[in-house]
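J.: any chance you could fold what I've pasted below:
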Amino acid sequence: MLRSMKKINTVLVGCMAALALNTGVQAEPLALAPAASKAQSKPFHWKNATVYFMLTDRFNNGDRRNDLSYGRQADAAPLRGYMGGDLKGITAKIKEGYFDKLGVNVLWMTPPVEQIHAGTDEGTGKSYGFHGYWTKDFTRVDANLGTEQDFKEMVETAHQHGLRILLDVVMNHTGPVTETDPVWPADWVRTSPQCDYKNADGAIKCTLVKNLPDFLTESDQAVALPPMLVAKWKKEGRFEQEVKELDQFFAKTGYPRAPRFYLMKWHADWIKKYGIDGFRVDTVKHVEAKVWKELKQVASAAYEEWKAAHPKRKLSNEAFFMTAEAYNYDIQDGLQFRMDGGTRVNYYANGFDSMINFGLKFTTQQAYESIFARYDQILHGELKDYSVLSYISSHDDDKPFDPARKKNFEAANKLLLAPGAAQIYYGDETARSLVQPQAQGDAVLRSMMNWDDLKRNSPLPDQAGVNYQDVLRHWQKLGQFRQAHLAVGMGRHQQLQASPYVFERSLHEGTQQDYVIVALDLPKAPQHVIPAGKFKEGQRVHDAYSGTESVVKDGKLVFATGFPVLLLSAK
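T.: The predicted structure is shown next:
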């Protein structure tokens, strides 16, 4: 919310190894082999998901004709206006294979719904709703991002590449009130008081900030459609159809025509129309917990309806997925989120399969084993039936790990190899700087994707010998390994050697059997001898990082790759 991711010729390997040993710089792996197609049946589980999160407007401009819609102007404060990214831009990158090469299997984009048309100043300069959290109409794609056909093509293209879509949904608030964006009726929203966070109600029955009307999600009172939506839909020629669908929804479910159930119907329509695979739910702690269980029921019913109607387009028979953004949730909290005022709330028991983990960006200061062992303990203990989605940077977290992008390889290692699911924020993998002195507040986190840096492939600032493509290739190697091996995020973790650091992950759950060994921060040396773990004597073991192989002898593996990383699996 606003505040609140073939074997290499021996001679060539030797040359790269020499480069790494002589310079001390990360040697450049060869270009990755084409990523597997959906037809090749990539393994997938939400507990091991690699989620790529982007602000659609800031990712890639695929159609410059829609850069400023609804009379919007290029008059915003730095990084607070629309910058041209759109749905066609995402589709182009899917077709290009960008996400396949990165090992991503889920795309999460900011809400695509129509935003308020005007800009407003919250104290950091004029801002527009480019981020997607200032909704005007939950039933339409914002014209700045494209059309419904663009959205449909994007989802279908993603599914063809084995990518699931995680839709960002908001049930807490509307967009700010402006001269062209009127406030919703008083039986729909409250406009005061502002949240004081002294207790649970001080975070729920209040507005997050001034001029951000808060939906009355606690109300069971039947309400009529807001007059401005009625007028808008009539002007667009779809009023009768929208009302017909609402009548059918309320007749079928028996729900009262209360605000939250209108919202649930509108959110579920994106599933029924396009086959959305899951929700990332915004501002979870600011809405009554029971509402999320209701949303899960509505969304799940819509998902089953879509799968039944499109048996050849569904990716699997898995259930609808929901992950929660409950601000400041830490994996250390386990099942019980620490609510304002000291109360605890179990959101897992209220419809969520996963919680976004705000804690990794802090624990990245710790050693690998401290992080991995602790996460393993929790995810196979208190959270064994659930998961977390960890990140190192995000769109509204003012304390990202390494904002100047000086620790890109370490960041990738700790995010993509940590137990649980991983969220890559657009630009984590390309060293997109989160230091933007021209901007204020959360805008510093939201610059345009740095495609030009990749194209030029120049050295990173103050990091001679490390180019932007070097960083991306490292993320790609780890991402593809993670995608290929469910054990990385789901398996049991065990350290095999403290220095150099070597660990194993073992997965044995029904038909899901997987085993990997990873070595990190290997020192410069002609070769490395590491423990073979559970690999058997005489077994051939493949390193996904260099493309080389070794055979287990006397319980050991020997590799001479020149790289500081080994990603090992059975050949």
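J.: chain center to stretch 383-402: distance?
T.: Here the centre of stretch 383-402 is set off from its chain's centre by 9 Å, with C-alpha atoms, centre = their mean, to the nearest Å.
J.: name the helices or strands packed onto the helix or strand where residue 298 lies?
T.: Assessed by DSSP states H and E, residue 298 sits inside helix 289-309. Counting contacts by 3 or more C-beta pairs under 8 Å, 6 or more residues apart in numbering; DSSP states H and E, helix 289-309 is packed against helix 259-274, strand 278-281, strand 321-324. For every residue, glycine as well, the C-beta is placed using N, CA and C.
J.: make JSON lines from those and add mean pLDDT, mean neighbour count and distance to residue 567 to it.
T.: Below are these laid out as JSON lines (pLDDT from 0 to 100; neighbours: other C-beta atoms under 10 Å; distance: least, C-beta to C-beta, whole Å):
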{"stretch": "helix 259-274", "mean pLDDT": "98", "mean neighbour count": "21", "distance to residue 567": "35"}
{"stretch": "strand 278-281", "mean pLDDT": "98", "mean neighbour count": "26", "distance to residue 567": "28"}
{"stretch": "strand 321-324", "mean pLDDT": "98", "mean neighbour count": "25", "distance to residue 567": "26"}
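J.: is it possible to export those to TSV including distance to residue 498?
T.: Output for these, formatted as TSV (distance: least, C-beta to C-beta, whole Å):
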stretch	distance to residue 498
helix 259-274	47
strand 278-281	37
strand 321-324	34
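J.: could you report the separation of residue 429 from residue 101?
T.: Counting by C-beta to C-beta, to the nearest Å, the gap between residue 429 and residue 101 amounts to 10 Å.
J.: overlap of the contact sets of these two?
T.: Taking C-beta atoms under 8 Å, 6 or more residues apart in numbering as the criterion, residue 429 and residue 101 both touch residue 476.
J.: so where do the helices sit in the stretch 1-150 of the chain?
T.: Assigned helices in the stretch 1-150 of the chain, in chain order: 10-23, 56-59, 87-96, 98-102, 148-160 (criterion: DSSP state H, counting those that start in this stretch).
J.: can you check the stretch 451-571 of the chain too?
T.: Under the criterion DSSP H, counting those that start in this stretch, the stretch 451-571 of the chain carries helices at the ranges 451-456, 468-484, 487-490.
J.: name the surrounding residues that touch the last one.
T.: Spelled out, that is helix 487-490. Helix 487-490 has contacts (C-beta under 8 Å, 6+ apart) with 45, 47-49, 416-417, 419-422, 481-482, 505-507, 509, 512, 514-516.
J.: of those, select the buried ones using a PyMOL command.
T.: Selecting only the buried entries of the contacts of helix 487-490 in PyMOL, with 16 or more other C-beta atoms under 10 Å as the criterion:
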select buried, resi 45+47+48+49+416+417+419+420+421+422+481+482+505+506+507+514+515+516
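J.: just the ones in strands from the contacts of helix 487-490, please.
T.: Within the contacts of helix 487-490, residues falling in strands by DSSP state E are 421-422, 505-507, 509, 512, 514-516.
J.: with distance to residue 458 and pLDDT added, can I get those residues in a markdown table?
T.: Formatted as a markdown table, the ones in strands among the contacts of helix 487-490 follow (distance: C-beta to C-beta, whole Å; pLDDT from 0 to 100):
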| residue | distance to residue 458 | pLDDT |
| --- | --- | --- |
| 421 | 33 | 98 |
| 422 | 27 | 98 |
| 505 | 36 | 98 |
| 506 | 42 | 98 |
| 507 | 40 | 98 |
| 509 | 45 | 91 |
| 512 | 43 | 91 |
| 514 | 39 | 98 |
| 515 | 40 | 98 |
| 516 | 34 | 98 |
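J.: these into JSON lines, with extra columns for distance to residue 182?
T.: Output for the ones in strands among the contacts of helix 487-490, formatted as JSON lines (distance: C-beta to C-beta, whole Å):
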{"residue": "421", "distance to residue 182": "40"}
{"residue": "422", "distance to residue 182": "41"}
{"residue": "505", "distance to residue 182": "54"}
{"residue": "506", "distance to residue 182": "58"}
{"residue": "507", "distance to residue 182": "54"}
{"residue": "509", "distance to residue 182": "53"}
{"residue": "512", "distance to residue 182": "52"}
{"residue": "514", "distance to residue 182": "55"}
{"residue": "515", "distance to residue 182": "59"}
{"residue": "516", "distance to residue 182": "56"}
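J.: what does the helix holding residue 298 contact?
T.: Contacting residues not belonging to helix 289-309 are listed as 171, 217, 253, 260-261, 264-265, 267-269, 271-272, 275-277, 279, 281, 284, 314, 317, 319-320, 322, 324, 345-347, 350-352 [C-beta under 8 Å, 6+ apart].
J.: can we see that at 7 Å?
T.: Contact with helix 289-309 is made by 171, 217, 260, 264, 267-268, 271-272, 275, 279, 281, 284, 314, 319-320, 322, 345, 347, 350-352, as judged by C-beta atoms under 7 Å, 6 or more residues apart in numbering.
J.: how about residue 61, phi and psi?
T.: Phi and psi for residue 61, reported as degrees, to the nearest 10, are phi -90, psi 110.
J.: quick one: contacts for it?
T.: Going by C-beta under 7 Å, 6+ apart, residue 61 touches 84-86, 89.
J.: which among these gets closest to residue 64?
T.: The shortest approach to residue 64 among the contacts of residue 61 belongs to residue 84, at 6.5 Å (C-beta to C-beta).
J.: so how far is residue 138 from the residue lying closest to that closest one once chain neighbours are set aside?
T.: Nearest non-adjacent residue to residue 84, counting by C-beta to C-beta, 6 or more residues apart in numbering: residue 61, 3.8 Å away. Applying C-beta to C-beta, the value for residue 61 to residue 138 is 25 Å.
J.: with residue 569 instead?
T.: Where residue 138 is concerned, residue 569 sits at a distance of 44 Å (C-beta to C-beta).
J.: what of residue 194?
T.: Taking C-beta to C-beta, one finds residue 194 at 24 Å from residue 138.
J.: what does residue 51 give?
T.: In terms of C-beta to C-beta, residue 51 sits 23 Å off from residue 138.
J.: quick one: which of the two has more around it?
T.: Neighbour count, other C-beta atoms under 10 Å: between residue 51 and residue 138, residue 51 has more, with 26 against 20.
J.: can I assume the more buried one is in contact with residue 423?
T.: Yes: the criterion here is C-beta atoms under 7 Å, and residue 51 meets it with residue 423 at 4.6 Å.
J.: point out the most buried one among the helices of the stretch 451-571 of the chain.
T.: Comparing the helices of the stretch 451-571 of the chain by mean neighbour count (mean count of other C-beta atoms under 10 Å), helix 487-490 ranks first with a mean of 25.
J.: pretty sure residue 429 contacts residue 472?
T.: Yes: at 5.6 Å, residue 429 counts as touching residue 472 under the criterion of C-beta under 7 Å.
J.: find the residues that touch each one of these two.
T.: Common neighbours of residue 429 and residue 472, counting by C-beta under 7 Å, 6+ apart, are absent.
J.: nearest spatial neighbour of residue 194, skipping sequence neighbours?
T.: residue 207 (5.2 Å).
J.: from residue 132, how far out is the one you found?
T.: According to C-beta to C-beta, residue 207 stands 19 Å off from residue 132.
J.: neighbour count: those two, which is higher?
T.: residue 132 (23 against 19).
J.: would you check how far apart that one and residue 396 are?
T.: Noted for residue 132: a distance of 12 Å to residue 396, by C-beta to C-beta.
J.: go on, residue 471?
T.: Per C-beta to C-beta, residue 471 is found 24 Å from residue 396.
J.: worst mean pLDDT across the helices and strands of this structure, which element?
T.: Across the helices and strands of the chain, the lowest-confidence element by mean pLDDT, DSSP states H and E is helix 10-23, at a mean of 34.
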